[in-house]
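Q: missing the sequence, but the structure's below:
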């Protein structure tokens, strides 16, 4: 009886995982996407004109300088104005960007960073595919840009540069490189000269120094601001593993993050930080962020407006302390802009070098970050030795098995002891079949006498769950896993196995995944099949349960998991298959060492034998 309870508990745990992943993949995800499409259609029908920009947060709200004006950042280039990215680029003069990691340009209209491509990353595993485009000009497809500026104090009538101001290049440097900074200049014609100096490192950090030269007779107070604007809602995974959308770290507010749909619903969300911080927008592998100088008080805002049928998102901050530009003098403000790949070691180095406040949180390590980040570090270390992330995953599996070997040894030892006392357990069940309380009492006495823990068999599964989720998170989110090959046909460990049994592995030219309703279940590659076979073999270590319902569940469970993992990253499927094989070997040796008879081949053969039908007795007669 207790062995059946033990099996029931294991079944409950495993089925919980099935329900969790199945719901997310086949129910919650599609429903969420449909709901978002319906909401977008309704909003587009209700609003066809672009309202005024809601602007930035009031620079000094709640302070002595609360009269500072709210900034309406002017940008007359409406989302969707240009049919192509190339047309949007050609609409303004530009200063080129050329570094080891970045290619692109700065627009002289608005002096904004709106053209950035990542040289080290391509759209697909094909080495000839286009490199990744991160930032694009306003008005073109997927407009996405970073810019800074100055907000006026209340009552000020000074002309300030905005998104439509045309700047000129000052000096001889017409290209931004690691060795050559670029300075842009704009004169308001009324005594104020504005300059923006751009420098860039050899990765993804641009330092922007804004300065103002005041040739008027009076002092001027200005508030520096920075903002990131994204025109259109990007495709996101809609999965619980990783956040995609606006986020930031703002002093005592700690990490703040919102889904795109939340920002659209709320319109704008404000925070205040007395110690500065950063805000940005995160994608799965790429991100943008704007940083104040560490320690500079600021007000931050996430906002969304509508331009026709397109949602326009903005993450921004305005420094709370004004910059005073004295008459006949100069003043400046420094900010930083990150636009690039979410490479862990590079982002960590920025935190250390510049004193940024937890920029590392651009990478979402998930709920189990205390396991996930060490898991990534271990995989990265092993990759440095083995030269292949697939081999690193196999090595991590062995290490995890070794760490938990003492616990597994006790678990399998207890299972072996339960196997030895099966005859006595059956005898107890027969003697007390009509007295459940007496039966359980006798079972407990037997367990105590033989020093058996009936729940010990659950531990190997329970301890695997957090490791499984952590490894899944690492494979899913870490840039290092993107396009990382294994061997043979696995050219991207972060993508599903590209083979498919339903196309006879490429012989039939059709795409079963595109079928409605059931298409998501029809991607079944070689490695998911290997995983299913190893899982089935692992379950054959024990004789089939006598209860027909339990036996059916155990027989179908490998099939369910095989189809479910067909769309999972190949690296995770390889881990699970290898873990199953190690578990079979480990359990067989441990149980044999403790005297339990393990007839694996016999159990496998018994699975294929047709069970004799039980003849039913006719009412009032004998079976024929």
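A: Perfect, I can see it now. These figures come from a predicted structure and were not determined experimentally. Residues are numbered from 1 along each chain as shown.

Q: avg pLDDT for stretch 491-504?
A: Mean per-residue pLDDT for stretch 491-504: 87.

Q: Now do the end-to-end distance for that stretch.
A: Using C-alpha to C-alpha, to the nearest Å, the end-to-end distance of stretch 491-504 comes to 19 Å.

Q: and it, how far from the chain's centre?
A: Put simply, stretch 491-504 sits 21 Å off its chain's centre (C-alpha atoms, centre = their mean, to the nearest Å).

Q: For the stretch 101-250 of the chain, give me the ranges with low pLDDT.
A: Along the stretch 101-250 of the chain, the model assigns pLDDT under 70 to residues 238-239.

Q: What distance do you get for residue 209 to residue 201?
A: 15 Å (C-beta to C-beta, to the nearest Å). Placement of C-beta: from N, CA and C, glycine included.

Q: Kindly apply the preceding question to residue 187 instead.
A: 30 Å.

Q: how about the residue nearest to the spatial centre of the chain, what does it touch?
A: Centroid check for the chain by C-alpha atoms, centre = their mean gives residue 242 as the closest residue, at 3.0 Å. When contacts are counted by C-beta atoms under 8 Å, 6 or more residues apart in numbering, residue 242 is found next to 284, 364, 366, 473, 476, 477.

Q: Need the max-distance pair from the residues you listed.
A: Using C-beta to C-beta, these span at most 13.1 Å, a distance reached by 284 and 366.

Q: okay, and the common contacts of the two?
A: Contacts common to residue 284 and residue 366, judged by C-beta under 8 Å, 6+ apart, are 242, 477.

Q: Tell me the buried residues within the contacts of residue 242.
A: Neighbour-count burial (16 or more other C-beta atoms under 10 Å) is assigned, among the contacts of residue 242, to 284, 364, 366, 473, 476, 477.

Q: Just to be sure, the second one is in a helix?
A: Spelled out, that is residue 364. No: counting by DSSP: H, G, I helix; E, B strand; the rest coil, residue 364 is not part of a helix but coil.

Q: That one against residue 477, yeah?
A: Yes: if you go by C-beta atoms under 8 Å, residue 364 and residue 477 touch, sitting 6.4 Å apart.

Q: who touches both of the two?
A: Common neighbours of residue 364 and residue 477 (criterion: C-beta under 8 Å, 6+ apart): 241, 242.

Q: now the helices: where do they sit in the stretch 51-200 of the chain?
A: 85-90 (DSSP state H, counting those that start in this stretch).

Q: How about the stretch 301-450 of the chain?
A: Using DSSP H, counting those that start in this stretch, helices in the stretch 301-450 of the chain cover 344-354, 369-386, 389-403, 405-420, 422-431, 436-450.

Q: Any chance of CSV for those helices, columns mean pLDDT?
A: Output for those, formatted as CSV (pLDDT from 0 to 100):
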stretch, mean pLDDT
helix 344-354, 95
helix 369-386, 93
helix 389-403, 91
helix 405-420, 73
helix 422-431, 79
helix 436-450, 80
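
Q: want to throw those into JSON lines with mean neighbour count and distance to residue 109?
A: Converted to JSON lines, the helices of the stretch 301-450 of the chain look like this (neighbours: other C-beta atoms under 10 Å; distance: least, C-beta to C-beta, whole Å):
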{"stretch": "helix 344-354", "mean neighbour count": "15", "distance to residue 109": "29"}
{"stretch": "helix 369-386", "mean neighbour count": "16", "distance to residue 109": "41"}
{"stretch": "helix 389-403", "mean neighbour count": "18", "distance to residue 109": "43"}
{"stretch": "helix 405-420", "mean neighbour count": "18", "distance to residue 109": "64"}
{"stretch": "helix 422-431", "mean neighbour count": "13", "distance to residue 109": "81"}
{"stretch": "helix 436-450", "mean neighbour count": "14", "distance to residue 109": "79"}
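
Q: How is the chain divided into domains?
A: Domain assignment for the chain by automatic domain parsing gives 49-357, 373-396+457-607.

Q: So which of those domains is nearest residue 437?
A: Nearest to residue 437 among the domains of the chain is domain 373-396+457-607 (21.1 Å), distances taken as C-beta to C-beta.

Q: average pLDDT across stretch 300-315?
A: For stretch 300-315, the per-residue pLDDT averages 91.

Q: can you pull the buried residues of stretch 513-530?
A: For stretch 513-530, burial by neighbour count (16+ other C-beta under 10 Å) applies to 513, 520, 521, 522, 523, 524, 525, 526, 527, 528, 529, 530.

Q: Please name the residues that touch residue 574.
A: If you count contacts by C-beta under 8 Å, 6+ apart, residue 574 has them with 390, 393, 394, 486, 490, 493, 527.

Q: Just list the residues touching the second one, thanks.
A: This means residue 393. With contact set as C-beta under 8 Å, 6+ apart, residue 393 has these partners: 379, 471, 493, 571, 574, 575, 578.

Q: again, but for the first one
A: Applying C-beta under 8 Å, 6+ apart, we find residue 390 in contact with 484, 485, 486, 487, 490, 493, 571, 574.

Q: Buried members of those residues into PyMOL, please.
A: Buried residues among the contacts of residue 390 (16+ other C-beta under 10 Å), as a PyMOL selection:
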select buried, resi 484+486+490+493+571+574
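
Q: Narrow the contacts of residue 390 to those in helices?
A: The helices, defined by DSSP state H, take in 571, 574 from the contacts of residue 390.

Q: can you tell me which of the contacts of residue 390 lies nearest to residue 554?
A: Ranked by distance to residue 554 (C-beta to C-beta), the contacts of residue 390 are led by residue 574 at 23.9 Å.

Q: Quick check: that closest one vs residue 490, distance?
A: Residue 574 sits at a distance of 8 Å from residue 490 (criterion: C-beta to C-beta).

Q: Next: residue 476.
A: Residue 476 sits 16 Å away from residue 490, taking C-beta to C-beta as the criterion.

Q: Ok, residue 464 next?
A: Applying C-beta to C-beta, the value for residue 464 to residue 490 is 22 Å.

Q: Cool, thanks, signing off.
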